[in-house]
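In: Fold the following and give me the result.
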Amino acid sequence: MDLSPAPASRREERGALRRAVAVLDALATDVAPPSVRSIAERTGLSKSAVQRILVELEGVDLAVRDPATRRYGLGPRTLALGSAYQ
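Out: Next comes the predicted model:
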């Protein structure tokens with residue numbers, strides 16, 4: 001088993017995944033759809049980082065944006081993933 005540190009790109013990938021999960025957690029725990037600012041405050045990420053993550057999550061249906069309120073919620077793919085858990 002190789003215990004050497006992961007290359008920088010691998011560390012960054014893991015960090016990106018953790019940040020995306022933190023954003024998903026924020027979406028899942030709010031009663032009302034949160035704003036980017038609210039998600040940033042909850043996760044400790046910058047608003048620009050949250051916005052970039054949300055765009056990526058929207059692209060794979062893990063998040064949805066209400067154009068009228070500009071707030072976000074969990075996307076339909078989260079239901080499919082949750083249903084697949086056994």
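
In: So which residues of the protein form helices?
Out: 8-29, 36-43, 47-59, 76-84 (DSSP state H).

In: export these to CSV and tack on distance to residue 65?
Out: All C-beta spots, glycine's among them, are computed from the backbone N, C-alpha and C. Listed next are the helices of the chain as CSV, based on distance: least, CB to CB, whole Å:
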stretch, distance to residue 65
helix 8-29, 11
helix 36-43, 10
helix 47-59, 6
helix 76-84, 13
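
In: can you list the ones you listed in CSV and add mean neighbour count, distance to residue 69 and mean pLDDT?
Out: Output for these, formatted as CSV (neighbours: other CB atoms under 10 Å; distance: least, CB to CB, whole Å; pLDDT from 0 to 100):
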stretch, mean neighbour count, distance to residue 69, mean pLDDT
helix 8-29, 14, 14, 81
helix 36-43, 18, 12, 96
helix 47-59, 16, 14, 97
helix 76-84, 11, 18, 93
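
In: gap between residue 41 and residue 50?
Out: 10 Å (CB to CB, to the nearest Å).

In: The helices of the chain: which one's closest to residue 67?
Out: Comparison of the helices of the chain against residue 67 by CB to CB identifies helix 47-59 as nearest, at 11.6 Å.

In: what's the closest one in contact with?
Out: Contact with helix 47-59 is made by 19-20, 23-24, 36-37, 39-40, 43, 45, 63-65, 72, 75, as judged by CB atoms under 8 Å, 6 or more residues apart in numbering.

In: Please save the CA atoms from it in PDB.
Out: These are the backbone C-alpha positions of helix 47-59, laid out as PDB (Å, rounded to 0.1, in the frame of the first residue of the first chain):
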ATOM      1  CA  LYS A  47     -20.000  33.300  -2.500                       C
ATOM      2  CA  SER A  48     -18.100  32.900  -5.700                       C
ATOM      3  CA  ALA A  49     -17.000  29.300  -4.800                       C
ATOM      4  CA  VAL A  50     -20.600  28.400  -3.800                       C
ATOM      5  CA  GLN A  51     -21.900  29.800  -7.100                       C
ATOM      6  CA  ARG A  52     -19.300  27.800  -9.100                       C
ATOM      7  CA  ILE A  53     -20.200  24.600  -7.300                       C
ATOM      8  CA  LEU A  54     -24.000  25.200  -7.700                       C
ATOM      9  CA  VAL A  55     -23.500  25.700 -11.500                       C
ATOM     10  CA  GLU A  56     -21.700  22.300 -11.600                       C
ATOM     11  CA  LEU A  57     -24.400  20.700  -9.400                       C
ATOM     12  CA  GLU A  58     -27.100  22.100 -11.700                       C
ATOM     13  CA  GLY A  59     -25.400  20.600 -14.700                       C
END
